[in-house]
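> Quick one: sequence and predicted model below, then my questions.
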Amino acid sequence: MEKQSVRSGEAFIQEVNETQVPYGCLAVWFLGQESVIIKGDGITVYVDPYVSDYLAVHSGLDRTYPAPIEPAHITNADVCLITHEHGDHLDKGTIPHLAANNPNAVIVAPEACRTQLLELGATAEQLYAAHPANWQTIHS
């Protein structure tokens, strides 16, 4: 059996960018922990992007799976979904890069995360509060 090469860094992002997803389908890339990239209908969505070593450096909590990219590699985000405020979901080492490198990206998170996201460099224009049963259109 031939061993497949594992892409990382810019090659990983290039694969995401170049992947053409057929109508009605999604492509998913695993980033480790609970983090994924989902692409479909021309939109690239990051869910809980935890790709930094912030927790290891500041809290001694090591990742259980090495991230295939670094925060600075995230230059293709249209939407970022943050599920809650824990550091392996709202990553203080990743959010500043994501917000700065993707100024048109929308960041959807619970209202409890708003202050922290603003402190990490997200702009008020980027932030959408996630409210259950409250549908919002972010991209047309």
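Alright, I've got the coordinates.

> Now the phi/psi pair for residue 44, please.
Residue 44 has phi and psi values of phi -110, psi 120 when expressed as degrees, to the nearest 10.

> Run through the chain and note the low-pLDDT ranges.
1-5, 138-140 (pLDDT under 70).

> Going by residue numbers, what spans are helices in it?
Along the chain, counting by DSSP state H, helices occupy 9-18, 54-59, 95-101, 114-119.

> Among the ones you listed, show me which one is buried the most.
Of all these, helix 95-101 has the most neighbours on average by mean count of other C-beta atoms under 10 Å, namely a mean of 20. C-beta: built from backbone N, CA, C; applies to glycine.

> give me every residue that touches residue 122.
Applying C-beta atoms under 8 Å, 6 or more residues apart in numbering to residue 122 gives the contacts 95, 99, 107.

> The helices of the chain into CSV, with extra columns for distance to residue 130?
Listed next are the helices of the chain as CSV, based on distance: least, C-beta to C-beta, whole Å:
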stretch, distance to residue 130
helix 9-18, 24
helix 54-59, 22
helix 95-101, 15
helix 114-119, 10
